[in-house]
Structure formats: C-alpha cells, structure tokens
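*Asks:* The following comprises the amino acid sequence and a computationally predicted model.
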Amino acid sequence: MHATIVLLPGDGIGPEIVAQGKRVLEVIAKRFGHTFDMPEHAIGGNAIDSCGDPLPEETLNACKKSNAVLLGAVGGPKWDDPKAKTRPEAGLLRIRKELGLFANLRPTKTWDELLDASPLKREIVAGTDILFVRELTGGIYFGESGRKPHPSGEEAWNVMIYSTGEIERVVRVAADAARKRRGKLTMVDKANVLEASRLWRQVSERVVKTEYPDLEYNVVLVDSMAMHLISKPREFDVVVTENLFGDILTDEASMLPGSLGLLPSASIGSSGPGLFEPIHGSAPDIAGKNIANPLATILAAAMMLRYSMSMNAEADAIEDAVSRVLKAGHRTKDIAGTGPSISTTEMGDLVVGML
Ligand code: NAD
C-alpha cells in the first residue's frame, strides 16, 4: 500500500519522539512492502512563531489530503501568556474539528514488566486492558453556555446536548472495536439523573441490540465506574461514554499503568484521516535532552496502522517489538525507577532492532 502520513512534531519533546515514530514506520514499510510518504508540517507554538497561526492553512490542507496524521505534542511556557492572541492548543482543537474527529480512542493497558510503577496493587491492576472510546465533539463542552446577573452575584450555565446521530456513530466505533477485541462493551452514563444520558442509554441499547447482538453489553453509572476503575479494572474491555465523563475517566485510567510515556491515543471520524498521538504533553522540562520516552508515540503509530489503514499485522509487529524491548529490561528515565536508563534515540534503536 502507498500512504501519506503527515507528521506534526509540534513543540517541546514532540520532534524527538516523532522522529522515533518515523523510524519505526520506515522499518515497517520496508518489512511489509509499503511506501509511506511522511511530510512534516508545523503545528502549535512553533507554528505561531513561524507564521502567527497554531494551525497554518498549509498544515491543515496537507492533513486533509493524507491517510493519517501522527502528532507529537504542542504547547510550552513560551506561549503561556494569557494575553496572547492565540495559543498552541487552539491548533489542536481546530484540527480535530476540521477533520471531524468525533471519537477518541485511548487504550489503557498495563505491562507486566512495569507493574511496580502503578500506584495500585499489582494483584488489582495486572492484566488490565481497556479501550476507552470517548465522544469528542459534542456534549457539555460544545453546548450553549452563558452567564447572567443573579441576586447573589451571577449565575452561569453549560448545556449538555446530544443528538441520536452523534450517539449512534460513536457507539458504532466502540462496538466495532469490541468485535476486534474481547467482545465486551460497557456504556457509561448518568441516566438516573441526566436526560442526555437517558438518550444515550436508549440509543446505544438499540444500536447494540440490532447491529451487534454478538457483543456482551452492559451499562454502568459514571460514579460507579470511577470506583470500578480502581477496584476491578480487569473486568472492562471497551468502554464508550460521552465527552465530559470520558475526559475525566480516561485521565483516571491513565494512572493505572503508571507511566504517561507509554499511552497512545487516536482521534477518528467516519471517513478521512485520523489523528494519532501520545496522551502526554510536550514535557518542556525535559525537551532537547534526549531522555523522553518515545514509546507512547511509537504505539500511537501502531494504532494508526491498525485503525486508519487496517494494517493489523504491522500494528501487532510494533506492539510486540515494544513489549520485547520492555521484557528485556530496557527503560527510559521516566520508567526506570532507581535503575539504569537509556536515551530516547537508544529506545528507538532497540524497537527498530526488534522489528
Ligand atoms: P506533560 O505531559 O507534558 O508532562 C507531565 C510530566 O510528565 C512532566 O514531568 C514530563 O517531563 C513527564 N513526561 C511527559 N511525557 C513524557 C515522556 N514521553 N517521557 C518522559 N517523561 C514524560 O504535561 P504538562 O507538564 O502538564 O504540560 C506541558 C505542556 O504540554 C503544556 O503546555 C500543556 O498545555 C501541553 N500539553 C499538550 C498536550 C497535547 O499536545 N496533546 C497534552 C497535554 C499537555
């Protein structure tokens, strides 16, 4: 297959980790007989510096024409001035909107070799392998909001609003993913209180019962889910939920494996390119030191091959290589504890070597 993969290194450690992702993709292309064009474009703070816009038109057009986008991270103290006309994060929000990326996929998997890095007990967290599917472009973050005077000062409101279509499409993404995994789908809502959640429950039950009767399906209230995640995380396979609940639950879940440097994420729409990135930020405190962990970005590249290009064998090969590198005891500083550590480029060398 020939594919165009736009690389958006971004700011801070972004260029260092995306460089390792690119090397891994080059090896995959060679091994599996593909050709990947991988042009680089600016986004975030460096794009503000070079052309005053965190998402230049040229970047956006290149992304729209591509098969998929691999992003490092954006932001940093240099662009944190609250009085600034625009911020690096504005580029991220806009690209998600422009590409119609309504589903955010975040796998949360613990690695046996790194269980001691988890804040939870080994016997609780071992074997956790959850895929969160969070609705990304609707709900309370995008509903009407406002303020008006109130006898005590002011009152403010945000509206949580969802349509049948918005729920159907993200539930289908989650159900399709569950079919490729262990066949279990959990929908999280607050249907005992919220009308929007009652629509979620009604629509998702219909979609699953009529289109995915083979799946094991259950619903959990979001407050219970917050507890289950740290008491019995192994019980979940694919979890689908709306934007606000997903934002909070995925951050809670990101603590389970014990390192931000190992967690990838994907944002996808119904057609067109998806956006793949590590869940961590630009880590300005370690930028330029060649010590950042590139594995989340390398695993994001694997997700890209799996979800945007249906290259399952290629994605498996990358995930297997990462697993073998970790099993062999190699660690970047963030996951080394008090043991010895290797650099960003050495970690890239090892994964490439395994492939
Ligand atoms: P962060 O994720 O960048 O860093 C948190 C801590 O984790 C830091 O100590 C950092 O050194 C460490 N860390 C993160 N990734 C690492 C890696 N791959 N290897 C080793 N250590 C790693 O979060 P932050 O410090 O809150 O934010 C820094 C900047 O990143 C801010 O400008 C923020 O707005 C931005 N940010 C961007 C994104 C994104 O681009 N999607 C996401 C989150 C934060």
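*Replies:* Structure's in. What do you need?

*Asks:* residue ranges of the strands in the stretch 151-300 of the chain, please?
*Replies:* 153-158, 184-189, 216-221, 238-241, 264-268, 274-278 (DSSP state E, counting those that start in this stretch).

*Asks:* got the angle for the second one vs strand 216-221?
*Replies:* Comparing the axes of strand 184-189 and strand 216-221 via axes from the mean of the first three to the mean of the last three C-alpha atoms, to 10 degrees yields an angle of 20 degrees.

*Asks:* Show residues contacting the helix or strand harbouring Asp49.
*Replies:* Applying DSSP states H and E as the criterion places Asp49 in helix 45-51. For helix 45-51, contacts defined as C-beta atoms under 8 Å, 6 or more residues apart in numbering pick out 10-11, 42, 53-56, 59, 74-76, 78-79, 86, 88, 91. For glycine as for every other residue, the C-beta is placed from the backbone atoms N, C-alpha and C.

*Asks:* change it to 6 Å
*Replies:* Residues from elsewhere that reach helix 45-51 (C-beta atoms under 6 Å, 6 or more residues apart in numbering): Asp11, Ala42, Pro54, Pro56, Gly76, Trp79, Pro88.

*Asks:* Could I get the phi/psi values of the fifth one?
*Replies:* Meaning Gly76. The phi/psi pair for Gly76 (degrees, to the nearest 10) reads phi 160, psi 170.

*Asks:* Use 53 as the first number for this chain going forward.
*Replies:* Yes, from this point I'll number from 53; that puts the last item at Gly128.

*Asks:* I figured it hits Ser334, correct?
*Replies:* Yes: contact criterion C-beta atoms under 6 Å: Gly128 and Ser334 qualify, at 5.4 Å.

*Asks:* Pull up the overlap in contacts between those two.
*Replies:* Both Gly128 and Ser334 are contacted by Asp63, Gly64, under the criterion C-beta under 6 Å, 6+ apart.

*Asks:* Low-confidence regions, the stretch 103-252 of the chain specifically.
*Replies:* Across the stretch 103-252 of the chain, nothing is flagged by pLDDT under 70.

*Asks:* I'd like to know how many residues surround the closest residue to the ligand within it.
*Replies:* As assessed by C-beta to the nearest ligand atom, the ligand sits closest to Gly127 within the stretch 103-252 of the chain, at 2.7 Å. With neighbours defined by other C-beta atoms under 10 Å, the count for Gly127 comes to 23.

*Asks:* check contacts around it.
*Replies:* With C-beta under 6 Å, 6+ apart, Gly127 has these contacts: Asp63, Pro140, Ser334.

*Asks:* got a pLDDT number for whichever residue of the stretch 203-352 of the chain sits closest to the ligand?
*Replies:* Closest contact between the stretch 203-352 of the chain and the ligand, by C-beta to the nearest ligand atom, is at Gly333 (2.5 Å). pLDDT, Gly333: 94.

*Asks:* Can you give me every residue that contacts it?
*Replies:* Gly333 neighbours (C-beta under 6 Å, 6+ apart): Ala125.

*Asks:* Thr293 versus that one, what's the distance?
*Replies:* Here Gly333 is placed at a distance of 23 Å from Thr293 (C-beta to C-beta, to the nearest Å).

*Asks:* Ok, Gly124 next?
*Replies:* 27 Å.

*Asks:* sorry, back to before: helices - which of the contacts of helix 97-103 land there?
*Replies:* Among the contacts of helix 97-103, DSSP state H puts Pro140 in helices.

*Asks:* Let me have the contacts of helix 97-103 in a markdown table, extended by neighbour count.
*Replies:* Formatted as a markdown table, the contacts of helix 97-103 follow (neighbours: other C-beta atoms under 10 Å):
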| residue | neighbour count |
| --- | --- |
| Asp63 | 28 |
| Ala94 | 22 |
| Pro106 | 29 |
| Pro108 | 18 |
| Gly128 | 22 |
| Trp131 | 19 |
| Pro140 | 26 |
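
*Asks:* and the contacts of helix 97-103, which two are the farthest apart?
*Replies:* Taking C-beta to C-beta, the two most distant members of the contacts of helix 97-103 are Pro108 and Gly128; they sit 18.0 Å apart.

*Asks:* how about the helices in the chain?
*Replies:* For the chain, the helices defined by DSSP H occupy 66-84, 97-103, 109-117, 140-150, 174-177, 216-232, 247-263, 274-283, 295-306, 347-361, 364-379, 396-406.

*Asks:* highest average neighbour count across those helices?
*Replies:* With neighbours defined as mean count of other C-beta atoms under 10 Å, those peak in mean count at helix 347-361, which reaches a mean of 25.

*Asks:* With only the CA atoms kept, save that helix in PDB.
*Replies:* C-alpha atoms of helix 347-361 as PDB (Å, rounded to 0.1, in the frame of the first residue of the first chain):
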ATOM      1  CA  LEU A 347       7.100   4.500  23.300                       C
ATOM      2  CA  ALA A 348       3.700   6.200  23.500                       C
ATOM      3  CA  THR A 349       4.300   7.800  20.100                       C
ATOM      4  CA  ILE A 350       5.600   4.500  18.600                       C
ATOM      5  CA  LEU A 351       2.400   2.800  20.000                       C
ATOM      6  CA  ALA A 352       0.300   5.700  18.500                       C
ATOM      7  CA  ALA A 353       1.900   4.800  15.100                       C
ATOM      8  CA  ALA A 354       0.800   1.200  15.700                       C
ATOM      9  CA  MET A 355      -2.800   2.400  16.400                       C
ATOM     10  CA  MET A 356      -2.600   4.500  13.200                       C
ATOM     11  CA  LEU A 357      -1.800   1.500  11.100                       C
ATOM     12  CA  ARG A 358      -4.500  -0.600  12.800                       C
ATOM     13  CA  TYR A 359      -7.400   1.900  12.800                       C
ATOM     14  CA  SER A 360      -6.600   4.100   9.700                       C
ATOM     15  CA  MET A 361      -5.100   1.600   7.400                       C
END
